[in-house]
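>>> Sharing a model that was predicted from the sequence below.
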Amino acid sequence: MRRCAYFTAIIFSLAAPLYADNFSFKADRMTGGRASGKETTVLVGNAEVTSDNLFIKADRIEISGKDNQFVECSGVVTGKDDEKQIYFKTDRMIYDRKTKILVMEGNSSLEDKKNEVVARGRHIEYDDNTEIAIFQISVRMFKDNIVCRSEYALYRREEKLLDLSGFPVVYKKDDEFRADRISVDLDTDDVIMEGTVTGAIKE
């Protein structure tokens, strides 16, 4: 039977008062850590980290920096913030607990259940403070009858606004819109296009 390395938030409550009210982790095995005099803690096998409302699970998690500032994950990485209804999956991820910025690389997806939006890309950066997400490379975004494609997208979650560039195209039911830049109001489904505009509308 494998022993599970588990450390409660109480242990870290004095180590990271500036970053989070709650910080805990567990895994099948652990190396490094403050007890060994190293600045890096490596969790391997069913590794989990909880930082405030953010829960992360991965094959391997490396915690480093002063006051455990950086959480770097690899393998099958999944996470969620149930309070904000944000869920994600990626190949690799790093989370800065000080700035609350999360960066995902590889095959990555982010689901915003509150706004009923699902987005995919090869590089996703999400700022938990501003609730703004940046998507890059092979971006796909889905909401109800709207499908968006581009190489770059800026998603302002609170305003429910999506800005697309890099060969953007929006499919709205049977209609198709193309332009240099496209903005979509995800609340009203209005589409605003700039630059060279083309489209096809089926009546």
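That came in fine, so what should we check first? Bear in mind that the values here come from a model prediction, so they are computed numbers and not experimental data. Residues are numbered from 1 along each chain as shown.
>>> Lowest-scoring secondary structure element of this structure by mean pLDDT?
Lowest on mean pLDDT, DSSP states H and E among the helices and strands of the chain sits helix 9-12, with a mean of 30.
>>> In contact with residue 80, which residues?
Contact analysis of residue 80 by CB atoms under 8 Å, 6 or more residues apart in numbering lists 54, 55, 86, 87, 88. In this view, the C-beta of every residue, glycine as well, is placed from N, C-alpha and C.
>>> following the helix or strand harbouring residue 147, which helix or strand comes up?
Assigned by DSSP states H and E, residue 147 falls within strand 146-156. Using DSSP H and E, the helix or strand that follows strand 146-156 in sequence is strand 161-165.
>>> can you list contacts of that following strand?
139, 141, 148, 150-156, 170, 180-186.
>>> Now for residue 182: which residues touch it?
148, 150, 163, 164, 165, 168, 169, 170, 191, 192, 193, 194.
>>> Columns pLDDT, neighbour count and distance to residue 64 on top of those residues, output as TSV?
Output for the contacts of residue 182, formatted as TSV (pLDDT from 0 to 100; neighbours: other CB atoms under 10 Å; distance: CB to CB, whole Å):
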residue	pLDDT	neighbour count	distance to residue 64
148	97	26	36
150	98	24	34
163	98	16	34
164	98	28	35
165	97	18	34
168	97	25	37
169	97	16	41
170	97	24	41
191	94	19	44
192	95	13	43
193	95	19	45
194	94	11	43
